[in-house]
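Enquirer: Predicted model follows, preceded by the sequence.
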Amino acid sequence: LWIKRPGEPPQELIPAGALTPEALAEPYEDEYGAVRFLKFTEPLSAAEMAVQALRQRREVDHALEEFRVGKGRLARVGYTSRVVDALFRVALLARGRVPGDAAAAASLGYRALLLQDPRHVYHGRVYEERGWVVLQYWFFYLYNNWRTRFSGANDHEADWEMICIYLARNADQGLCPEWIAYASHDYAGDD
């Protein structure tokens, strides 16, 4: 857990491996403009970047061998949607990208974590609200490459995603899933 106060460099509050959910949830008071954040990686050296770039290139080449091109998403929509998409992409030119070393370091960190424990862990809880039984699952991503990999709005280190499954009580079958709610990119509506 790190903190960035105005006019000061970031300062580590709790070292990696020592942060607990209880410590993360504790309320805190600090000066105006102070921002707390999680930081998983340190920037890579030039040599580490080169090794990681070669490894990723091999993985991409393998994935491209299996990829089959489908109908483009803009070919399936009208001109208005295409213009809106073009304006969105022009707006992205004003935004910067996350340095490549952050992505490479996150990838190396992820591999190191899998060597320590190969399980994919998620956090969940069950609660009842207004007659619904809700199963809530939280997943943690070490690095979200939504912009560079999928032409989305941003890349960033460390990202929580959540899925909620709403269950209704049914006299015959007990609890039955009725709704699912989750974070998604470029999708909207109840379908």
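Expert: Okay, I see it.
Enquirer: ranges for the strands of the protein?
Expert: 2-4, 11-12, 35-37, 123-129, 132-144, 156-170, 174-182 (DSSP state E).
Enquirer: I163 contacts W179, correct?
Expert: No - taking contacts as CB atoms under 8 Å, I163 lies outside contact range of W179: 11.3 Å. Any C-beta I mention is one placed from the backbone N, CA and C, and that applies to glycine too.
Enquirer: what about these two, which has more around it?
Expert: I163 (15 against 12; other CB atoms under 10 Å).
Enquirer: For that one, give me its contacts.
Expert: Going by CB atoms under 8 Å, 6 or more residues apart in numbering, I163 touches 136-137, 139, 180-182.
Enquirer: Now for A106, how many residues are close by?
Expert: 20.
Enquirer: nope, Q52 is what I meant
Expert: 19.
Enquirer: doesn't A106 make contact with it?
Expert: No - with contact defined as CB under 8 Å, Q52 does not reach A106; the gap is 10.1 Å.
Enquirer: For the longest helix seen in the chain, could you pull out the residues that count as buried?
Expert: Using DSSP state H, we find that the single longest helix of the chain is helix 46-66. By neighbour count on 16 or more other CB atoms under 10 Å, the buried set for helix 46-66 is 49, 52.
Enquirer: so how far is that helix off the chain centroid?
Expert: 21 Å (CA atoms, centre = their mean, to the nearest Å).
Enquirer: so for it, what's the average pLDDT?
Expert: For helix 46-66, mean pLDDT is 76.
Enquirer: For that helix, name the packing helices and strands.
Expert: If contacts are counted by 3 or more CB pairs under 8 Å, 6 or more residues apart in numbering; DSSP states H and E, helix 46-66 sits against helix 100-116.
Enquirer: Quick check: chain neighbours aside, which residue is closest to R5?
Expert: A34 (4.7 Å; CB to CB, 6 or more residues apart in numbering).
Enquirer: For burial, what's the neighbour tally of the one you found?
Expert: Using other CB under 10 Å as the criterion, the residues surrounding A34 number 14.
Enquirer: thought K4 was touching E31?
Expert: No - the criterion here is CB under 8 Å, and K4 misses it with E31 at 11.2 Å.
Enquirer: which one of the two has more residues nearby?
Expert: Shown here are K4 and E31; by other CB under 10 Å, K4 has more neighbours (15 against 8).
Enquirer: Could you list the domains of the chain?
Expert: By the assignment in automatic domain parsing, the chain contains the domains 1-39, 40-182.
Enquirer: just those domains: most buried one?
Expert: Of all those, domain 40-182 has the most neighbours on average by mean count of other CB atoms under 10 Å, namely a mean of 12.
Enquirer: Go through the strands of the chain and name the closest to V60.
Expert: strand 132-144 (15.9 Å; CB to CB).
Enquirer: Please name the strands paired to that closest one in the sheet, noting orientation.
Expert: strand 123-129 (antiparallel), strand 156-170 (antiparallel) (DSSP bridges).
Enquirer: That's all I had, so thanks and see you.
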